[in-house]
Structures are given as C-alpha cells and as structure tokens.
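[1] here are the coordinates; sequence isn't available:
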C-alpha cells in the first residue's frame, strides 16, 4: 500500500519536494538525487586551480591564462594558488585533502600521481585522483645559458669529464631520475641540485651558479638567453628540431610530458563531466593557445578523461615496474 501511494506522490511532486518529504518522513533521500542536484548547481563557488610549482615557471604561466578561459566556461572565478614543493608533492597533498566536491583542481605534470607516490613518503596514492583532461605538452629539455661551452647532451658529457663537479639542477618529481641517469650513464662527476621550479633555475643559470638544468618549457620564454642541449621528450622539440632527444643521444629513456588537470577521486561522475567539458572548452581558447604555442612553443592539447586515464594507468604501471618497492 505504501509503495502505491509513493508512486502517486512521485508523479505529482517535484524531485526537490519529494526529497524533503522523504527526509522528514525518515526514509532518507532518493538514491542519486543529491548528486544530480549538485551537478545541476555546480559550480556553486570559485573553483581553485592549484599549481604545484613556483610562480613564474612554465606551468604557472599557462595556468594563469587558462584560468581566465576556464572561468568563462564555468561561470565562476578560477583563482590560481601556488603550492610548491617536492616536485609537485605538496600540491598533490593539498588536492588529496581538499573536499571532493569539484571546487579544487590541480594543473601539473603527470608524474605527480603516477610517479611521486612510488618513490616518496607522501599522504596520497595514485588511486586518490581523478584525471580530467590534458591541455598541453611540456617541452622537457636540458638547457644552459647561451655561450656555455657545450650545446648538446654529448658535448656536456665531454665537458664534464674534463671539468669534474659540474652543477646540474632539477625540479623534483620525475626530473631527478633523468638527471641522475644522465650523470650515471655519462660516467661523470656532478653536483645534482634540487630547486623549487623553473623561475628559480632561471636565476641560478643567469647567476652562473649552475651549469645546466631541466626545463619544462621556461627556456622558450626568452630563447635568446638559452642554449637547448636536447629534448627529454619522446620527440624532438618544435623549437629546437636540430637537437637530439635523450633517447637518440644514447640514454634510452623518454620523459612523460602531459600538462594535465586532475581532481579528487571522490568527485561525483556528473560533476567531473561538467569539469571535463569546461576544461576542454578552455583548452581551445585563443588566448590560451597563443600563450602555449606562441610564447612557450609547446603544443596545446585537448585530451579527454577517458583517453587520459588510460594513458595514466599505463604510465603508473610502467613506473611501478621501474621504481616500485
């Protein structure tokens, strides 16, 4: 009898009224109703975009233009907040511990989720995140100040053999093992220096405090100042097509390169779908594409959640084989 009456009520009441009636009658909410309401109302407030690196670097430059386009797509402000440290680990921790309501997202390297939890003591795991979209490709390179006595990976290795103790800098995360691999495979002595990001490395290079360093694309901001030694990506960099890849130079490795946006794994499906659609729309914004392709000389991408998640699963499994305990 109750079920028949409930069907009659359902036909005449709105979904919201029914939810209120059921709560007051002690029967709980209709399954899925709260998430539908959340998705319809999302976003209800500004969506914070975490950049897990220092201000002024390549990712930060992208993010600040991207945030403006994303704000238009979502109809809410998108403030950019820098949480630097640990090659992205601090930002990853901030995201993991944020409310899983879709109002906090992170733009950064794919190694934050796939690599860092395998090699560092952090409070998050690969499974704590949901991968929404990839919007650009890092231009991973080894670079030096213009006028350096070397112009390629091979020339740097030869120089280091005659000048033991050269100083090489990284930004943490997956960049450190690539620098370490270069040192080991080249058979050289080097001081490997951890930094907080691309802007710090620029100052160190300009001040002659280091000899060469990793760049995720900051070398393209003022190319007349820098000498690109080669690409860490699987392919040669569009801005330096004459310089070899790390693999071509005989080091047998390629660095993952997606600039991706992720959120908490607990974010509901419909909210995640709203975010994904807005992110893909923002990735095609003319101002964003101009800053990425024109200024940073990097490809702008528009990779959706399904494809990105499959890529991340493969990447994480590869890293587990290489670096897992």
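    Sure thing, it's come through. Nothing here was measured: the structure is a model prediction, and the numbers come from that model.

[2] low-confidence stretches in the stretch 201-325 of the chain?
    Within the stretch 201-325 of the chain, the segments meeting pLDDT under 70 span 325.

[3] which residues touch the residue nearest the centre of the chain?
    Compute the mean C-alpha point of the chain, and by C-alpha atoms, centre = their mean the closest residue is residue 108, 1.8 Å away. Residue 108 is in contact with 50, 51, 52, 53, 59, 88, 91, 92, 259, 260, counting by C-beta atoms under 8 Å, 6 or more residues apart in numbering. The C-beta positions use only the backbone N, C-alpha and C, and glycine is treated the same way.

[4] before we move on, which element is it in?
    strand 104-109 (DSSP states H and E).

[5] kindly report the same for residue 239.
    Counting by DSSP H and E, residue 239 is found in no helix or strand.

[6] likewise residue 274?
    helix 269-283.

[7] packing partners of that helix?
    helix 33-41, helix 58-74, strand 129-137, strand 258-264, strand 300-303 (3 or more C-beta pairs under 8 Å, 6 or more residues apart in numbering; DSSP states H and E).

[8] what distance do you get for residue 158 to residue 190?
    Going from residue 158 to residue 190 by C-beta to C-beta, to the nearest Å gives 13 Å.

[9] can you pull out the strands in the protein?
    Secondary structure of the chain, counting by DSSP state E: strands at 48-51, 80-82, 104-109, 129-137, 141-145, 166-170, 190-194, 212-215, 226-231, 258-264, 300-303.

[10] mind checking those for the one nearest to residue 117?
    Residue 117 lies closest, by C-beta to C-beta, to one member of the strands of the chain: strand 129-137, at 9.8 Å.

[11] compute the inter-axis angle for that closest one and strand 258-264.
    If you take axes from the mean of the first three to the mean of the last three C-alpha atoms, to 10 degrees, strand 129-137 sits at 160 degrees to strand 258-264.

[12] partners of strand 129-137, with directions?
    Sheet pairing here is set by DSSP bridges, and for strand 129-137 it gives strand 258-264 (antiparallel), strand 300-303 (antiparallel).

[13] now do the longest one: distance to the chain's middle.
    Read that as strand 258-264. Mean-position distance between strand 258-264 and its chain equals 5 Å (C-alpha atoms, centre = their mean, to the nearest Å).

[14] rewinding a little: can you pull up the bridge partners for the residue nearest to the centre of the chain?
    In beta-bridge terms (that is, DSSP bridges), residue 108 pairs with residue 260.

[15] isn't residue 118 up against residue 323?
    Yes: Residue 118 is within contact range of residue 323, at 4.9 Å (criterion: C-beta atoms under 8 Å).

[16] who has more neighbours, those two?
    residue 118 (17 against 12; other C-beta atoms under 10 Å).

[17] and that one, what pLDDT?
    On the pLDDT scale, residue 118 is placed at 94.

[18] what's the neighbour count on residue 246?
    25.

[19] now residue 126
    When neighbours are counted by other C-beta under 10 Å, residue 126 comes out with 20.

[20] quick check: it vs residue 320, distance?
    Distance of residue 126 to residue 320, given as C-beta to C-beta: 9 Å.

[21] how is the protein carved up into domains?
    Domain assignment for the chain by automatic domain parsing gives 2-32, 47-137+257-323, 141-251.

[22] in JSON lines, list those along with distance to residue 41.
    Shown next, in JSON lines, are the domains of the chain (distance: least, C-beta to C-beta, whole Å):
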{"stretch": "domain 2-32", "distance to residue 41": "11"}
{"stretch": "domain 47-137+257-323", "distance to residue 41": "10"}
{"stretch": "domain 141-251", "distance to residue 41": "36"}
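
[23] now do the same contact list for residue 149.
    Each residue near residue 149 by C-beta under 8 Å, 6+ apart is listed here: 155, 159.

[24] low-confidence ranges in the stretch 1-150 of the chain?
    For the stretch 1-150 of the chain, the ranges with pLDDT under 70 are 1-40.
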